[in-house]
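1. here is a sequence with its predicted model. Questions after.
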Amino acid sequence: MESNIFHLQYAIDTFYFLVCGALVMWMAAGFAMLESGLVRAKNTTEILTKNVALYAVACIMYLVCGYAIMYDGTLLLNGIEQTDAATVLGDFATREDGFEGGAIYSSAADFFFQVVFVATAMSIVSGAVAERMKLWSFLIFAVAMTGVIYPMEGSWTWGGNDVFGLYNLGDLGFSDFAGSGIVHMAGAAAALAGVLLLGARKGKYGPNGEIRAIPGANLPLAALGTFILWMGWFGFNGGSVLKLGDIASANSVAMVFLNTNAAAAGGAIAALITGRLLFGKADLTMLLNGAIAGLVVITAEPSTPSALVSTLWGGLGGVAVVFSIIFLDKLRIDDPVGAISAHGVCGFLGLMLVPITNGGVTFSGQLIGAATIFGWVFLASLLVWGIIKAVMGVRVSEEEEYEGVDLSECGMEAYPEFVSSK
């Protein structure tokens, strides 16, 4: 009887992991739609190409070396070992905690869930460098980011390894439930390094310091992308509970879903109100970034706050993202989609809110963890971007940027005005 129950628990936990991974994979579509809606029409095909290609690159690089760096050191080129039933049941027989113990699921499911997180981190970079970066320079950076840079900092956090043998973040009181810092702030750090070397789009900033708005081509697509991300985030945070097959875990999953949704709503409304107070209008782009900001904030700890507290935390993210976007523009840091603000600033904010409701976490541990993640990813990315710039360049020509990178990089337009009949 116990054996049958355990088989069922194993199956439920594995299936739940796979479904959540599929939801996170669907976030790739959300990023693609959000970014293609917020860039100009002449750059749409290239941004879509980047998003599809980076997902494929992430899957391959994490399989080749990323997973090995981040976790057990086992290369997966020859396939992922499956634990046979006898081994699993034998392990279960020696456990004293019964069915309430740690998560047990297929190793293939674990890899699948982890690889879609890697792709999410890289997707953040795509929007920030949009409209002026060479496609192949971006994809070469994606190889380094998903194969080495992200897995390295992931090994110091979720992997449990010491930071260059110096200190262990877990021992210092660091915690990041689903990746506000490990995934989102890391992606923003890589994006910031790229943007600083890349420079702003032509015409974004005037000679006297004025900031010129460059509207996106398709706001309905941007709104659709935000809803897709909102939906996918239930897998992102919910899957990070790691199991479903017992009462305590099921309750935890339900709370994580509830808090994730509440934070997104709080962030959206707070950003909408902040935009209205600052600009006198209801700014849709700020509303969309506010929802994402709320989601990023709650990702660091969606299991311990109440739903009301989660709403308030999301609201803080919604306010922070608006002011961050304005501040970065004043510094002439051109981020077409607000990715650095939504994922970087709000990722850090999420980390710093964790100790308020999680007594096992310290503010000093969170600060050291955030500094470690940001410092490593930013400096390593700056080095890689710099090498790529020196070897092949990272920016398209001024003429290509004016005409749109769709034609120069992809040879086709997303919204062609005329189609040849020949």
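-> Yep, it's here.

2. now Met352, nearest residue through space, not along the chain?
-> Of all residues not flanking Met352 in the chain, Gln366 sits nearest, at 5.6 Å (Cβ to Cβ, 6 or more residues apart in numbering). Using the backbone N, CA and C atoms, a C-beta is placed for each residue, glycine as well.

3. where's that neighbour, which helix or strand?
-> Using DSSP states H and E, Gln366 maps to helix 363-391.

4. and that helix, what's buried?
-> Applying a neighbour-count criterion of 16 or more other Cβ atoms under 10 Å, one finds 365-366, 368-370, 372-374, 376-378, 380-382, 384-385, 388-389 buried in helix 363-391.

5. which residues does the helix or strand following that helix contact?
-> Where DSSP H and E defines the elements, the next helix or strand beyond helix 363-391 is helix 398-403. The contact list for helix 398-403, computed with Cβ atoms under 8 Å, 6 or more residues apart in numbering, reads Lys42, Glu131, Arg132, Arg201, Lys202, Arg395, Leu407, Ser408, Glu409.

6. what mean pLDDT does the helix or strand just after helix 398-403 get?
-> Sequence-wise, the next helix or strand downstream of helix 398-403 (DSSP H and E) is helix 405. Averaged across helix 405, the pLDDT comes to 96.

7. just give me how far helix 405 sits from the chain centre.
-> 25 Å (Cα atoms, centre = their mean, to the nearest Å).

8. ok, stretch 366-378 next?
-> Relative to its parent chain, stretch 366-378 has a centroid offset of 16 Å by Cα atoms, centre = their mean.

9. ok, and what's touching that stretch?
-> With contact meaning Cβ under 8 Å, 6+ apart, stretch 366-378 is reached by 149-150, 152-153, 156-157, 163, 167, 169, 172-176, 181-182, 185-186, 189-190, 192-193, 348, 351-352, 354-355.

10. try it again with 7 Å
-> Stretch 366-378 has contacts (Cβ atoms under 7 Å, 6 or more residues apart in numbering) with 149, 152-153, 156, 163, 169, 172, 174, 181-182, 185-186, 189-190, 192-193, 348, 351-352, 354-355.

11. okay, and which of these map to helices?
-> Among those, DSSP state H puts 152-153, 156, 186, 189-190, 192-193, 348, 351-352, 354-355 in helices.

12. ok, then the element right after the helix or strand of the chain with the lowest mean pLDDT?
-> Lowest mean confidence among the helices and strands of the chain (mean pLDDT, DSSP states H and E): helix 85-93, at a mean of 51. For helix 85-93, the succeeding helix or strand toward the C-terminus, using DSSP H and E, is helix 107-128.

13. pull up the gap between the nearest residue to Val115 once chain neighbours are set aside and Ala121, please.
-> With sequence-adjacent residues excluded and distances taken as Cβ to Cβ, 6+ apart, Val115 is closest to Tyr62, at 4.6 Å. Using Cβ to Cβ, to the nearest Å, we find Tyr62 at a distance of 11 Å from Ala121.

14. quick one on the thing from earlier: my read is the residue nearest to Val115 is in a helix, agree?
-> Yes. When DSSP: H, G, I helix; E, B strand; the rest coil is applied, Tyr62 is found to be in a helix.

15. okay, now it: neighbour count?
-> 25 (other Cβ atoms under 10 Å).

16. got the contact list for it?
-> Residues near Tyr62 by Cβ under 7 Å, 6+ apart: Val115, Val118, Thr146.

17. how far away is the last one from Gly154?
-> Read it as Thr146. Thr146 sits 11 Å away from Gly154, going by Cβ to Cβ.

18. what pLDDT is listed against His343?
-> His343 carries a pLDDT value of 98.

19. that one should be in a strand, yeah?
-> No. Using three-state DSSP, the assignment for His343 is helix, not a strand.

20. quick check: it touching Gly187?
-> Yes. Shown here, His343 and Gly187 form a contact pair, counting by Cβ atoms under 7 Å, at 5.6 Å.

21. any common contacting residues for these two?
-> Shared contacts of His343 and Gly187 (Cβ under 7 Å, 6+ apart): Ile124.

22. look up phi and psi at Val255.
-> One thing to correct before we go on: residue 255 is Met, not Val. Backbone torsions of Met255, given as degrees, to the nearest 10, read phi -70, psi -40.

23. just give the closest residue to it, not the sequence neighbours.
-> Of all residues beyond its chain neighbours, the one nearest Met255 is Ser303 (6.0 Å), with distances taken as Cβ to Cβ, 6+ apart.

24. how deep is the one you found tucked in, by neighbour count?
-> Look at Ser303: counted by other Cβ under 10 Å, it has 18 neighbours.

25. biggest helix in this protein, by residue count?
-> As assigned by DSSP H, the longest helix anywhere in the chain is helix 2-38.

26. what angle separates it from helix 107-128?
-> Computed by axes from the mean of the first three to the mean of the last three Cα atoms, to 10 degrees, the angle separating helix 2-38 from helix 107-128 equals 10 degrees.

27. and helix 2-38, what does it pack onto?
-> Under the contact criterion of 3 or more Cβ pairs under 7 Å, 6 or more residues apart in numbering; DSSP states H and E, helix 2-38 touches helix 44-61, helix 85-93, helix 107-128, helix 219-238.

28. the next helix or strand after the longest one vs helix 150-157, what angle?
-> Secondary structure here is assigned by DSSP H and E; on that basis, the next helix or strand after helix 107-128 toward the C-terminus is helix 135-144. Using the same axes, to 10 degrees, one finds that helix 135-144 and helix 150-157 are set 30 degrees apart in direction.

29. where does pLDDT dip in the chain?
-> Applying pLDDT under 70 to the chain flags residues 1-3, 73-105, 418-422.

30. go with 90
-> Within the chain, the stretches with pLDDT under 90 are 1-13, 71-110, 206-209, 243-247, 416-422.

31. ok, Arg276 touching Ala282?
-> Yes. Taking Cβ under 7 Å as the definition, Arg276 is a contact partner of Ala282 at 5.8 Å.

32. the more surrounded of the two?
-> Applying other Cβ under 10 Å to Arg276 and Ala282 shows that Arg276 carries more neighbours, namely 14 against 11.

33. so which strand or helix has that one?
-> Applying DSSP H and E, one finds Arg276 within helix 247-279.

34. show me what counts as buried in that helix.
-> If you call a residue buried by 16+ other Cβ under 10 Å, then helix 247-279 has these buried ones: 249, 252-253, 255-257, 259-275.

35. next structured bit after that helix?
-> Next along the chain after helix 247-279, taking DSSP H and E as the criterion, comes helix 284-299.

36. in terms of secondary structure, what does the next helix or strand after that next one contact?
-> Per DSSP H and E, helix 284-299 leads on to helix 307-330 as the next helix or strand towards the C-terminus. Helix 307-330 sits against helix 247-279, helix 284-299, helix 346-357, with contacts defined as 3+ Cβ pairs under 7 Å, 6+ apart.
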